[in-house]
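[1] 3D, please:
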Amino acid sequence: MKKSLNRRQSMAALMGIATAMSTTPSQAQSVSNSAAAQPKPAGQSAARDSGPRVGPVVPLGGSVRFDNPVVWKRLVELAGGPGSSFAVMSMASGRPDRVANSAQQALQRAGARTEWVAVAPAIKDQDIAAAVRDPQWIQMVDRSQAVFFTGGAQARIVDTLRPGGQDSPLLQAVLRLQARGGLIAGTSAGAAVMSNTMFRDAPFVTSVLKGILRRGVEFDKGLGFGPDGLLIDQHFLKRGRVGRLIPLMLATGDKLGLGVDEDSAALVHDGEVDVLAGRGALLVELHAARQQLQNGALSLQGARISLLEPGDRFNLETGRLQPSAAKLAAPVTFRSPNFDPTFEFDRYFMDILADYAIVDAMIQLVDGPKAQVRGLAFSAIQRPGDSRPDLGFEFILTRDEHTRAWAPLGTGGDPYTIERVKLDIRPVRLTLPLVREWGDFN
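    Alright, predicted model coming up:
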């Protein structure tokens, strides 16, 4: 086998089943059903802004190092440069003071001024209902140029700022900040709340694939800082969360999904997604996807997935992906008759939802000998509520006329940008137990 280029580890997890959220099978079958074979421009359904949203949104994928200068400096630049003021909200954390202090120090090292909005369920003896109406905290946000949400449990953020489904005065102050052009940024749980819909808890990815997707349990309403039609998720490539994102997109009707990886950041503003730093992001498009149910399990055809690295941009209005300048002159020429792939042999991915496995599968596809790569999504351990332990899903990745890739050499790492790999998902039956003694077959 030829020696491969130095690659980032892979990317975990894709697609899924969108039957049982709170929809009936017939309702789920009709969600996200488009007859077009070619991907439609994203702007047809995902880039319209409603309401007063103006300022930029920066979801960070979680596990962002506090000594990551690129991420923190970019946040300060986007907020207005050195001296810009940040209101730090740590209500998602079980240790809000400690987490807020770490975030403040990172922002201050990057040149920002910071204040802590000390409102959090974990603060002992605090009356949350009164705190979200306290002029002290509201004025702190009103005089800031940016708000930064730390990680933890996103349900705490939404339940604090929108009790009973009603915008609190403190949330109204955040919305005013964004309406006047201020920056909204957040990591992990702070990123999860940015779209109109969010995962409320962290369900098992394979469980979501099998249809365990209930409003108010696995998912809920987010705070809606981002554009309509764009569903945002975090810890994405590391934890294989593409397998939970697609089912939720099918259930909500969102046509675009943005999964930001750990220690990474993306800018969503002016109708574009711009990957700022880190390992990158996965963009999921369902404009031309078709789904049906096979014996109660999801079968999906025609989804599109794209791998974006720092410097890459995706236009939500036109659906156009713009690789970084360094990559434009270095396409992967898999359509060329004399294409010499890096990988000599094909692969089957036994756990397509493993850490970064989807990245490896996409790279194998565009820089390998075959125009199709397959992988299996399943759980060898029966999860709570799983009545179908033998149900798995095969992910089928195909490069076709809509697929492009770039990979400049000499960058030392995983420089691939990959556009619009076709993704199909089909349900398969596993034979259990998966492993038996060799002597049992004699």
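[2] the most centrally placed residue in the chain: what's it in contact with?
    With distances taken as C-alpha atoms, centre = their mean, Gly259 lies nearest the centre of the chain, 1.6 Å away. Contacts for Gly259 were tallied using C-beta atoms under 8 Å, 6 or more residues apart in numbering; they are 61, 232-234, 236-237, 241-242, 245, 281-284. Every residue, glycine included, has its C-beta placed from N, CA and C.
[3] same deal with Gly83?
    With contact taken as C-beta under 8 Å, 6+ apart, Gly83 is in contact with 111-113.
[4] go again using 10 Å as the cut-off
    76, 111-113, 145 (C-beta atoms under 10 Å, 6 or more residues apart in numbering).
[5] can you check Ile184 too?
    53, 55-59, 146-149, 174-175, 177-178, 190, 193-194, 223, 225-226, 268.
[6] can you tell me the element it falls in?
    strand 183-187 (DSSP states H and E).
[7] check which helices and strands the helix or strand following that strand sits against.
    Going down the chain from strand 183-187, the next helix or strand is helix 189-192, by DSSP H and E. When contacts are defined as 3 or more C-beta pairs under 10 Å, 6 or more residues apart in numbering; DSSP states H and E, helix 189-192 sits against strand 57-60, strand 146-149, helix 154-161, strand 183-187, strand 197-199, strand 230-233.
[8] is it true that Ser102 lies in a strand?
    No. Going by DSSP: H, G, I helix; E, B strand; the rest coil, the assignment for Ser102 is helix, not a strand.
[9] does it touch Arg109 like I think?
    No. Ser102 is not in contact with Arg109 according to C-beta atoms under 10 Å; the separation is 11.0 Å.
[10] who touches both of these two?
    Common neighbours of Ser102 and Arg109 (C-beta under 10 Å, 6+ apart) are Phe66.
[11] show me where the stretch 1-150 of the chain has helices.
    Secondary structure of the stretch 1-150 of the chain, counting by DSSP state H, counting those that start in this stretch: helices at 25-30, 69-79, 96-109, 128-131, 135-142.
[12] again, but for the stretch 251-400 of the chain
    For the stretch 251-400 of the chain, the helices defined by DSSP H, counting those that start in this stretch cover 325-328, 357-366.
[13] quick check: domain ranges of the chain?
    12-297, 321-430 (automatic domain parsing).
[14] would a markdown table of the ones you listed with distance to Gly311 and mean pLDDT be doable?
    Shown next, in a markdown table, are these (distance: least, C-beta to C-beta, whole Å; pLDDT from 0 to 100):
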| stretch | distance to Gly311 | mean pLDDT |
| --- | --- | --- |
| domain 12-297 | 7 | 87 |
| domain 321-430 | 3 | 93 |
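[15] strands along the stretch 151-300 of the chain, start to end?
    183-187, 197-199, 219-221, 230-233, 256-260, 265-269, 272-277, 281-285, 290-294, 297-308 (DSSP state E, counting those that start in this stretch).
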